Structures are given as C-alpha cells and as structure tokens.
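[1] sequence first, predicted coordinates after that:
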Amino acid sequence: MLYLKAISLLQFKNYTNRSFEFPKKVVAICGKNGMGKTNILDAIHYLCFTKSYFSNTDAINVQQGARGFRIEGLFTLNSQDETAVCILRETGKKEFLIDAAPYDKFSMHIGRYPCVVIAPDDAVLITGGSEERRAFIDALLSQLDPEYLKQLILYNKILQQRNSFLKTAAETGSFDEELLSVLDVQLQAPGSFIFSKRRDALLAFLPKVKRLYTEIAQQEEYLSLLYESRLLETEFGELLQASRQKDNLLARTTNGIHRDDITIQLGAQPFKNIASQGQRKSLLFALKITELELLAAEKKFSPVLLLDDVFEKLDEERISNLLAKVCIENDGQVFITDTNKERITQHMQALGVDFHLIEL
Ligand SMILES: Nc1ncnc2c1ncn2[C@@H]1O[C@H](COP(=O)(O)OP(=O)(O)OP(=O)(O)O)[C@@H](O)[C@H]1O
Ligand SMILES: [Mg+2]
C-alpha cells in the first residue's frame, strides 16, 4: 500500500512555509482561483517523479524572491514509514532523498511512488501531436519497469549523437559511412527493446481503454485505438538502413521509436477532428483510469491519483460516476481540487465517501 500522510513545503511557489496533513484516503483541496490548489498537487508530483508536472525548469517553482525550495513528504509504503525529500539548492542543484539517503540517479526513483495525474491541459494527449502520446506511454512504462526508462534515456542519447552526426555531415559534406553504421547498431538495441515493450503493453492496454470509454459514454461508439510504429512491419536495423538516404538529405533520423504514435479514430475520422468536448474528456478519463488500473495490478497497490479541476464541463451524473470510480472502486489515495467546496461536499456525501477537506 502507498499512502502520503503529510507534506511540508518551503519556498515552493506560493508557499513560504506550510505543512498539510492527509489523515484520510480521499482529500479534497478547495479554494478560490490562484490560492495554491494545483501547487499542492504539483508538490506531490515532485515527490513521485522528482520533477514538476508542468515544467522541466525547476527554478520557476522557487518562490519569487527566494532561492531554492524544499518539499518533504511522509509516506507509508507497504506498512513502512519513509520520508522523501526533494531539495533545490540555492546553487540550482537538485537533490532527492529517501530517509536521508540520496539517489545517485533520479531515474532510480521513478516507479517507487506510482502516480497518475488528470489535469485540464491533459486534453493535449488527445488533441496534440504524437510526442504527447509517446510521453504518456513512456510515463506509464517507466513506472512499471526501471529498465524501460534506462533504455529510453540511452536511446535518446544515441539518437542525439546520430542527429548531430547527420547535421555535421550535411554542413561539411564529409560523410563517414562506417561511423554511421556504428551509431545504427548502438541505436538498435534500445530502440528494439522499447518497441517490443510498447507493443506488448499497448496490446493489453488499448482494448481496456476502449471498454472503459464505452462504459463512461454509456453507449457504443466506433472508437478505435491503434499503436502505430514503422517497426511493426520492418525490423529496426533494416529500417535505419532503408532510410539512410532520406536521413542524409534531411540531416536527422527520420525513423525509429521516436516517431511512434497511437492513432485514435471515431468511425473513419480522426477522433480529435470530430469528438465533442465531453467525448474528449471521457476518452482522457478512460486512458488515465486504465493507466491507474494497470499500475495497480502490476505494483499490487494503487498509485496516488491527482485530479486537478476535473469537474469543469462535466454534468452532475458524470461527476458522480467519475467520483464513484476513483474514490470507491479504486482503493488508492486520491487528491481532488475544486473551486467549489459545496459541490464536492455534496457529491462525496451523496456517495457516502469519507473525505478530508482542506480549505485554502
Ligand atoms: N514561483 C512562484 N512564486 C510565488 N508564487 C507563485 C510561483 N508560482 C506560482 N505562484 C502563485 O501560485 C498561485 C497559483 O497557484 P495554483 O495554480 O496552485 O492555484 P489554484 O488554486 O490551482 O488556482 P485555479 O483555481 O485557478 O486553478 C498564483 O497566485 C501564482 O502567482
Ligand atoms: Mg489550479
């Protein structure tokens, strides 16, 4: 079991020095716009992923006028208490410690506290470009398997080397065919590893998303979700060989797992072109809740779920269905923000959910 009992924030965004206790499994965080609801969720995200959900730059999360921040969380993991601390030093150096022991590599922490977030901007997962969907798959698989993240980091490093090789070759006109072959061999191993992990995981994952979507929509819709990768037809080595000329011409690696996607269609049309806002939101929930279920099944305990402003544009019935799914059917810890204290209280009471209310 995974449970966050308390959090302390120092110079983190709008919090100068503040602690919160979470004595119950379901926590509702209420307050007006700009009071710091999302900031609490982001601090929890830091403790789970060693970084912000919103930005890769740590410095912008330091309270204006201050230098450095500190986030401390008291977790219970499989009946053991442990303290996780994330510090951004005045020098800009970041540290992450469990019970005062620092990690050598932050990537080693990923998956220890599995976590799923649903936030308003997540609609880009459906409406945005393929990199959004790859990031989603990567976040899921990295939490399931530390080797996946290791191979992904390696792949990106070699990909960068290959791209700068191609760029230099284009600029100077001198081309070392042998060196490119070496890079190709180096890229193949992590590339093929990631491909097979994605293929196998999505084979199980996508039909579940579809089923859940139908359940949320409460009617049959012709939704199709497919993993799309050139590696499905062609082995990676062959693919790199075949795209050499094009790669040279464009001075970048045009094929590989960094181009994978999930195609989503409603009938014969791309989902993003024709789906209504409600349909998009239903699909987003289906993706995220399936992610939650998969993580829970693999870890043997439920991830922490962070729900930021999810009620906007949902009718009362859908809010109720969603809350029942995440607060009753799911046995993990859930943090929910809302500007409307009465709304969330009424829904929770109607469902008989015992919850802790934080008013900012
Ligand atoms: N680095 C920072 N230093 C100081 N204050 C910050 C920093 N970053 C963000 N803030 C403040 O945090 C507040 C926003 O907090 P947050 O996004 O958590 O609000 P919220 O309660 O989720 O609001 P909403 O209901 O609009 O989503 C703003 O007042 C913003 O000025
Ligand atoms: Mg917010």
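    Looks like it came in fine. Numbering: from 1, shown residues only. Ligands and ions are numbered 1, 2, ... in the order given.
[2] and the residue in the stretch 251-360 of the chain that ligand 1 sits nearest to, how far is that from ligand 2?
    Here the stretch 251-360 of the chain gets closest to ligand 1 at one residue, Thr339, 5.1 Å apart by CB to the nearest ligand atom. No exception for glycine: its C-beta is placed from N, CA and C like everyone else's. Noted for Thr339: a distance of 8 Å to ligand 2, by CB to the ion, to the nearest Å.
[3] so who does that residue touch?
    Cys30, Gly31, Lys32, Asn33, Lys37, Asp309 (CB atoms under 8 Å, 6 or more residues apart in numbering).
[4] now Ala84
    Contacts of Ala84 (CB under 8 Å, 6+ apart): Leu47, Glu72, Gly73, Phe75, Phe96, Leu97, Ile98, Tyr113.
[5] among those, which are located in helices?
    Mapping those onto helices (DSSP state H) picks out Leu47.
[6] out of the contacts of Ala84, which one sits closest to Arg244?
    Phe96 (41.1 Å; CB to CB).
[7] sorry, back to before: ok, so of the contacts of Ala84, who is nearest Leu183?
    When the contacts of Ala84 are ranked by distance to Leu183 (CB to CB), Phe96 comes first, at 32.1 Å.
[8] any idea how many residues pack against that closest one?
    20 (other CB atoms under 10 Å).
[9] please apply the same query to the one 3 residues further on.
    As a burial measure, the neighbour count of Asp99 was computed by other CB under 10 Å and equals 10.
[10] any idea how far it is from Tyr113?
    14 Å (CB to CB, to the nearest Å).
[11] same thing with Phe285?
    22 Å.
[12] what of Ser302?
    Where Tyr113 is concerned, Ser302 sits at a distance of 11 Å (CB to CB).
[13] so what sits against both of the two?
    What both Ser302 and Tyr113 touch, as defined by CB under 8 Å, 6+ apart, is the set Leu2.
[14] do you know the pLDDT at the residue of the stretch 251-360 of the chain closest to ligand 1?
    You'll see Thr339 listed with a pLDDT of 94.
[15] what separation is there between Thr337 and Ala275?
    In terms of CB to CB, Thr337 sits 25 Å off from Ala275.
[16] again, but for Lys157
    According to CB to CB, Lys157 stands 37 Å off from Ala275.
[17] ok, back up a step: quick one, phi/psi of the residue of the stretch 251-360 of the chain closest to ligand 1?
    Backbone geometry at Thr339, expressed as degrees, to the nearest 10, gives phi -80, psi -20.
[18] and what of the one 4 residues further on?
    For Arg343, the backbone dihedrals (degrees, to the nearest 10) come out as phi -60, psi -50.
[19] a helix runs through Leu225, doesn't it?
    No. If the criterion is DSSP: H, G, I helix; E, B strand; the rest coil, then Leu225 is strand and not within a helix.
[20] burial measure for Arg244, as a count.
    15.
[21] got the contact list for the residue lying closest to it once chain neighbours are set aside?
    Counting by CB to CB, 6 or more residues apart in numbering, Arg244 lies nearest to Leu180, which is 7.5 Å off, once chain neighbours are set aside. The contact partners of Leu180, by CB under 8 Å, 6+ apart, come to Arg162, Phe165, Leu166, Arg244.
[22] tell me the residue of this structure that sits nearest ligand 2?
    Thr38 (3.2 Å; CB to the ion).
[23] OK, contacts around the nearest residue to that residue once chain neighbours are set aside?
    Spatial nearest neighbour of Thr38, excluding adjacent residues (CB to CB, 6+ apart): Asp308 at 5.5 Å. Applying CB under 8 Å, 6+ apart to Asp308 gives the contacts Lys37, Thr38, Leu41, Val117, Ile118, Ala119, Pro120, Thr337.
[24] give me the subset of these lying in strands.
    Val117, Ile118, Thr337 (DSSP state E).
[25] neighbour-wise, which one of the residues you listed leads?
    Thr337 (26 neighbours).
[26] and it, how close does it get to Gly36?
    10 Å.
[27] any stretches of the protein with poor pLDDT?
    Within the chain, no stretch falls below the threshold (pLDDT under 70).
[28] in it, where's the longest helix?
    Counting residues, the longest helix found in the chain (DSSP H) is helix 177-217.
[29] check which helix or strand covers the most centrally placed residue in the chain.
    The chain has Ala139 as the residue nearest its centroid, 4.5 Å off, counting by CA atoms, centre = their mean. Using DSSP states H and E, Ala139 sits within helix 130-144.
[30] circling back: can I get the contacts of Asp308 in a markdown table including distance to Ser19?
    Conversion of the contacts of Asp308 to a markdown table gives the following (distance: CB to CB, whole Å):
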| residue | distance to Ser19 |
| --- | --- |
| Lys37 | 16 |
| Thr38 | 18 |
| Leu41 | 16 |
| Val117 | 22 |
| Ile118 | 25 |
| Ala119 | 24 |
| Pro120 | 27 |
| Thr337 | 18 |
